[in-house]
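Trainee: fold the following and give me the result.
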Amino acid sequence: MGIETLIRRIGHEFKDPALLRRALTHRSYGMPHNERLEFLGDSVLNCSIATHLYHLHTRVQEGDLSRMRAHLVKEQTLSEIAASLNLGDYLQLGEGELKSGGFRRPSILADTLEAIIGAVYLDAGFIAAEQMIARLFEPLMKGLDPKTLGKDPKTLLQEYLQGRKLPLPNYTVLSISGEAHQQHFEVECAIPAMNVRACGGGVSRRSAEQTAAGSALQMLNQQG
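Mentor: From the prediction side, this is the model:
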């Protein structure tokens, strides 16, 4: 797959192609690598996302805007966008990173996306970088709900039931398996008033309860 495909996906034609090559070069490969571009891109990304959120969500307060921005610039979000661009296919990695699957590692993918943002900024200025960021992130920005962002499934389920004046769910441990240092819990979340029973698993009772609560909430939303 040629680099032209990546250029079309990010929507920026570089006047200085060396900047893109550097952005795609991990430090394990050699110099010049992308860490300085990553540093620059991180700042450009945060400023751009903050600006877009400010204009897109005109009634949202500062605290919620901060949580929304943090969600959008975190490693998981960046790595998912990078994966959608197939950035791993274009990375220049050292032999060790190649063997260990570095082209799939979320931290490397996220850092590379930030480096590309920094490269676009140096190549064509802030507006060009901001336009690219908007293309990549706007669908996610529009889909964010500040009322639910950052809340865990148990909290969301509790708020759902309290808002309808219904009793809180009952959580029951169905089974515990595995060795003491590596146990697996299966938990049931029951809401008799809504005839909902959902199960979830996890490495702790708490994580299993969260999974079960998420499944129960999904079932309730499907019921309408």
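Trainee: where's the residue nearest the centre of the chain, which helix or strand?
Mentor: What sits nearest the mean C-alpha location of the chain, by C-alpha atoms, centre = their mean, is Thr77, with 2.1 Å. Using DSSP states H and E, the element containing Thr77 is helix 75-84.
Trainee: may I ask you to name the longest helix in this protein?
Mentor: helix 35-56 (DSSP state H).
Trainee: show me what secondary structure element comes after that one.
Mentor: Counting by DSSP H and E, what follows helix 35-56 is helix 62-73.
Trainee: buried residues in that next one?
Mentor: Using 16 or more other C-beta atoms under 10 Å as the test for burial, helix 62-73 gives 64-65, 67-69, 71-73. All C-beta atoms are positioned from the backbone trio N, CA, C, and that covers glycine.
Trainee: same check, this time on stretch 112-126
Mentor: Across stretch 112-126, burial judged by 16+ other C-beta under 10 Å covers 112-124.
Trainee: close enough to count as contact, the residue nearest to the centre of the chain and Arg69?
Mentor: No - using C-beta atoms under 8 Å as the test, Thr77 is too far from Arg69 to be in contact (10.6 Å).
Trainee: where does pLDDT dip in this structure?
Mentor: Within the chain, the ranges that satisfy pLDDT under 70 run 1, 148, 150, 224.
Trainee: all helices for it, in order.
Mentor: Under DSSP H, the chain gives helices at 3-10, 17-23, 35-56, 62-73, 75-84, 95-99, 106-124, 126-143, 153-163, 205-223.
Trainee: and the closest residue to Glu35 other than its chain neighbours, how far is that from Glu114?
Mentor: Using C-beta to C-beta, 6 or more residues apart in numbering and skipping the chain neighbours, the partner closest in space to Glu35 is Arg27 (5.9 Å). Using C-beta to C-beta, to the nearest Å, Arg27 is found at 14 Å from Glu114.
Trainee: tell me how many other residues crowd Ala190.
Mentor: 17 (other C-beta atoms under 10 Å).
Trainee: so what's it up against?
Mentor: 169-172, 196-197 (C-beta atoms under 8 Å, 6 or more residues apart in numbering).
Trainee: measure how buried Gly101 is and give me the count.
Mentor: Gly101 has 11 neighbours, counted by other C-beta under 10 Å.
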